[in-house]
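Undergrad: make a model of this:
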Amino acid sequence: HFYKRQNIANKMTKRTTSESSEFSDLEVAGVEPLTIDDISFNPSYAADHFGEERQSFDPTEGGRFFSLAVAALTKKKKKSVKVLSPGKRRWLNAVKLIKDRGDPWKKFNLDKIKTQRGRRHRYNPLTQVWVVDDCVLKLDKDPFAHGAMRECFRMKKLSNFSHSNDWAKDSNNFVAKSYMDEDVPRDTYFDDVKLQMDAKLWGEEYNRHNPPKKVDIFMMGVIELVEISGAPLYHIEHYIDGDYVKYNSNSGFVADKTGHLRQTPQAFSHFTFERSGHELVVVDIQGVGDLYTDPQIHTAAGLEYGDGNLGTRGMALFFHTHQCNNICQSLGLTAFDLSKNETNQLKAGVQHIDNSKLTKVKLDDMVFCESPSALERADFGRFFRGRSGSSGFIDYEPANIERQVSQLTKDDDFPSRQVSESDEGIVFTIDYADKDDSQSSTATSEDSGVDIFRRKPRTRGITECSDGTEERLKLRDRLDRVSRPSCVSGEVARKLSSLVHQHTDSVLGQIHLDLAQYHETCRFDANVQDKASAHFHLKAAADCENKQALTAISCLYLGLPNDILPALTPLDAAGYVPGNIEDIGLDYMVSAARHGDVNSMVYLAKAFDSGLNLGTDRNQSYTQAVDWYQR
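TA: Okay, the predicted model is just below:
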C-alpha cells in the first residue's frame, strides 16, 4: 500500500518538540526524508516481525517512524567511526603514558643551564652522505655515568621546529658521550656513527624477515660545540629509560641464565653473519629491551670499525659460545659446526660472567680467552672440556672415498664420481648429524619464539622507510645474492656448484682455523688442551678449502711437521679419522697443491716420481710427476 505525502506531513506536525529536534538532527546528518517511492508494505515482513495477530502496518503510528529513522542514523554514525589498528592504539597509549609521566630529568634542573649552539652531524648509511644542521642545546657539566672508554652527560636539545623556545614542551632528552682519552682522533667519533648506523641497517634487514620480536638500533649523531674553544665533539643518542642489559660481547660473552638469556639478540648476530655472506657479524649487543646501542661489527678483513673489530677471530669467539635457538631456526639459519665436546658444554649451560663482558680490542691480551665463573673454577676439568658436533660436519667412509655433495644441493646436479689427481675438488663424504643433536631448545628464554614455524619474509609496505627506496632495493638485491649458510656442508656445496669458478678464500674456513688454534693453544682453558676440538675445526677449515688448513692437515696426516697445530701428532689424529690416514692426507695434499702451495706440489712430484709415500690407492706415475714439477 502507498500513502500520500500530505498525509505524512499532517502526521509529522503533531510530533512533540523533542521529536522535531531529532528530525533536524537527521537533516544535519544527511538523512533524506522518505518519499512515496520509499514507503511500501510487505505482508510477509509484518508477519515475520509482529506476529500473525498484528497484520496492519501504519508508518505514522506514534513513535514508529522516528524509531526506524533514529536506528538508521545510529547505524550510519557507527559506520563513520574510524577503527584504529592495534599498532596505532599501542603508539597512542605509549604517547599518553609518556605525557602522564612527565620529564624524568626535570629534577636535575637542566633548564637552568646556559644555552649554547651546536652543530649536529648525522650519517645516512644508504647514500653514505653526512647531513649537517645547527641546533640549540643545554649540556650538563658533570657526567652521570661512564664506561670503559666514554663518559655520559645529560643533554637537552630544543626541537628545530620549535617557535616558542619552550624547553619544557619542545625539547628532547639526549645522552651525550665523550671519550675520556683526550687524544682520541676526531675522526673516531664519525667512524663510530658510521658503525652504529650500518648496524641499524642490519636491524632493518633482520626485521624484514619477520622475526617474533623486531629490533632497532639507536639513531646516533655527533654534536660539535662550536662556541667552545677547540669545538669538542660528543656522540648523542636519545635517552631511553629502562633496564640496560648487555646480551653478548665482541669476544664471546653471552648473558647467562641467571641474567638475561634471550634468543633475539643471539639470533640477530647469527643472522647478520649469514645474510652478509660471511663478510661481517654484528655483536656486542646491549641496550634497553630490543632497542640496542653501541654495537660492534667484526668484518672478514678486520680493518674497518676501529680496534673492537677482531676480524675472523672475533667471529670464532662468537660462534664458540653461540647455540642456535628457535628464532635461528624460524629464520632459516643453519647451525655453525662445533665439536661434540663444544656442543655438550653449551648444552650444559655453562656461561661466562661479568669480567668477560667488557668489549675487547685488538691489543687486549685477553681477547683470546674467556674467564670461568666461580662455579666453573671449582671444577676446571669440566670447564671447556669440549663443546659438541653440530649438523653438517664432514666425515669419511673408509671403503669408498668419493666426492659427494651436501644435501643443500640436488644430487642430480653433482653426481658422485671417481676423480684423478688433476681433477678439482675435495675428497670427502658429508655425514649429517641428527637435528636434535645439534640444536637444543631455549624455551625458558624471555623471547616469544618458542615452537614457532618458519616465517615467510615480510613484505615491506610502500610507506615504510620510503627515504632512499632505490638504495634500499639495491642493498636488498645484493644481500639476496651473497647470503650463505653457516655450515661447512653449505660451503662445500657452494664451491662444488657453479657459484664458484676459481679458488677463493673461505671466511668460514678461516673461522674454523682460528678455533682450531684456540683449542690447540689452550686459550679457553689453560689446564685443558682439547685436541679433539682442535682437530675437528682444522678438518672443517680444510674442507672449506682454506689453504693453510689444507697444508696443515695434510702434513699432520702424513707425519710431516706443521706450524698450525704443532702439538697434534699423527697418532692423535688417527683416532679421529676413519679409513687410511695416509690416503686421506694425500687427498688433502692434492687440494693444497691446487691452491698453490709450492711445498705440496714438490712433495707430490717426488712421490709420483719415486713411487714412495703414495699410500694404498695411488701408484707411481711419471706423467703426474712431470705435471706437478711443471706447476
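Undergrad: all contacts plus neighbour counts: C-alpha atoms, from now on.
TA: Will do.
Undergrad: give the contact list for Cys544.
TA: 488, 491-492, 506, 508-509 (C-alpha atoms under 8 Å, 6 or more residues apart in numbering).
Undergrad: and it, what pLDDT?
TA: pLDDT, Cys544: 94.
Undergrad: do the one 5 residues further on as well
TA: According to the prediction, Ala549 has pLDDT 96.
Undergrad: give me the element it is part of.
TA: Taking DSSP states H and E as the definition, Ala549 sits inside helix 547-557.
Undergrad: the helix or strand just after that helix: which residues count as buried?
TA: Where DSSP H and E defines the elements, the next helix or strand beyond helix 547-557 is helix 570-574. Neighbour-count burial for helix 570-574, counted by 16 or more other C-alpha atoms under 10 Å, picks out 570, 573.
Undergrad: mind giving me the packing neighbours of helix 570-574?
TA: helix 547-557 (3 or more C-alpha pairs under 8 Å, 6 or more residues apart in numbering; DSSP states H and E).
Undergrad: please identify the buried residues of the helix it packs on?
TA: 547-557.
Undergrad: returning to what we had before: ok, so of the contacts of Cys544, who is nearest Gln624?
TA: Using C-alpha to C-alpha, Val492 is the member of these that sits closest to Gln624, with 26.1 Å.
Undergrad: wait, that closest one touches Asp543, no?
TA: Yes. Between Val492 and Asp543 there is a contact at 7.0 Å, judged by C-alpha atoms under 8 Å.
Undergrad: ok, longest strand in the chain?
TA: Secondary structure of the chain read by DSSP state E shows that its longest strand is strand 129-139.
Undergrad: following that strand, which helix or strand shows up next?
TA: In N-to-C order, the element after strand 129-139 by DSSP H and E is strand 145-146.
Undergrad: give the rounded mean pLDDT of that following strand.
TA: 90.
Undergrad: count of neighbours near Lys96?
TA: For Lys96, the neighbour count with other C-alpha atoms under 10 Å is 11.
Undergrad: typo on my end, Tyr629
TA: 16.
Undergrad: one more: Lys114?
TA: Based on other C-alpha under 10 Å, the number of other residues close to Lys114 is 10.
Undergrad: A strand includes it, no?
TA: No. Under the criterion used here (DSSP: H, G, I helix; E, B strand; the rest coil), Lys114 is coil, not part of a strand.
Undergrad: so who does it touch?
TA: Residues near Lys114 by C-alpha under 8 Å, 6+ apart: Lys138.
Undergrad: now do the phi/psi pair for it.
TA: phi -60, psi 140 (degrees, to the nearest 10).
Undergrad: low pLDDT regions in this structure?
TA: For the chain, residues meeting the criterion pLDDT under 70 lie at 1-70, 72-82, 98-99, 257-260, 350-468, 475-476, 478-481, 498-503.
Undergrad: which helix of it spans the most residues?
TA: helix 186-208 (DSSP state H).
Undergrad: next, the angle strand 129-139 makes with that helix.
TA: Interaxial angle, helix 186-208 versus strand 129-139 (axes from the mean of the first three to the mean of the last three C-alpha atoms, to 10 degrees): 110 degrees.
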